[in-house]
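> prediction below, plus the sequence it came from.
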Amino acid sequence: MVTSSHETAHRIFQDRPELLPPVFDLLGVPLPTKAEIDVISPDTTEIRPLERRVDTVLRVKVPGKDGFLLAIEAQGRRDRAKASSWT
């Protein structure tokens, strides 16, 4: 279920992607210093009538290197069953 706190957690990075590097630092995850971050569509719907959405999708581009996509999903509570399904 979508709530205002859930949406706010994602709008922060969608509206201000420059806030991502300090969060990576806090999590101890290295992010290249010259990385360029773009917000892209979180709609992952396929041709089959099955809707799939990710809360936030960011593209991180690094000059001269391969970039990557970062999918961010917010969870309101811990669900141990999801740990195996996310991968």
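Yes, it's here.

> what's the local residue count around the spatially closest residue to Lys34 that is not a sequence neighbour?
Taking CB to CB, 6 or more residues apart in numbering, and ignoring the residues beside it in sequence, Lys34 has Pro63 as its nearest neighbour in space, at 5.3 Å. (C-beta placed from N, C-alpha, C; glycine too.) Counted with other CB atoms under 10 Å, the burial measure for Pro63 works out to 9 neighbours.

> surely Pro63 meets Thr33?
No. Pro63 sits out of contact with Thr33 when judged by CB atoms under 8 Å, with a separation of 10.3 Å.

> dump the residue contacts of the spatially most central residue of the chain.
Nearest residue to the geometric centre of the chain (CA atoms, centre = their mean): Ile72, 2.6 Å. Contacts for Ile72 were tallied using CB atoms under 8 Å, 6 or more residues apart in numbering; they are His10, Phe13, Val54, Asp55, Thr56, Val57, Leu58.

> do the same with Phe68
Phe68 makes contacts with Arg59, Val60, as judged by CB under 8 Å, 6+ apart.

> flag the shaky bits of the chain, pLDDT-wise.
Low-confidence regions of the chain, defined by pLDDT under 70, span residues 1-2, 44-52, 83-87.

> show me the helices in it, by range?
Taking DSSP state H to define them, one finds helices in the chain at 4-15, 20-27, 80-86.

> got TSV for these, with mean neighbour count too?
Conversion of these to TSV gives the following (neighbours: other CB atoms under 10 Å):
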stretch	mean neighbour count
helix 4-15	13
helix 20-27	12
helix 80-86	8
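
> would you convert those helices into JSON lines that also reports distance to Ile37?
Listed next are the helices of the chain as JSON lines, based on distance: least, CB to CB, whole Å:
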{"stretch": "helix 4-15", "distance to Ile37": "9"}
{"stretch": "helix 20-27", "distance to Ile37": "6"}
{"stretch": "helix 80-86", "distance to Ile37": "22"}
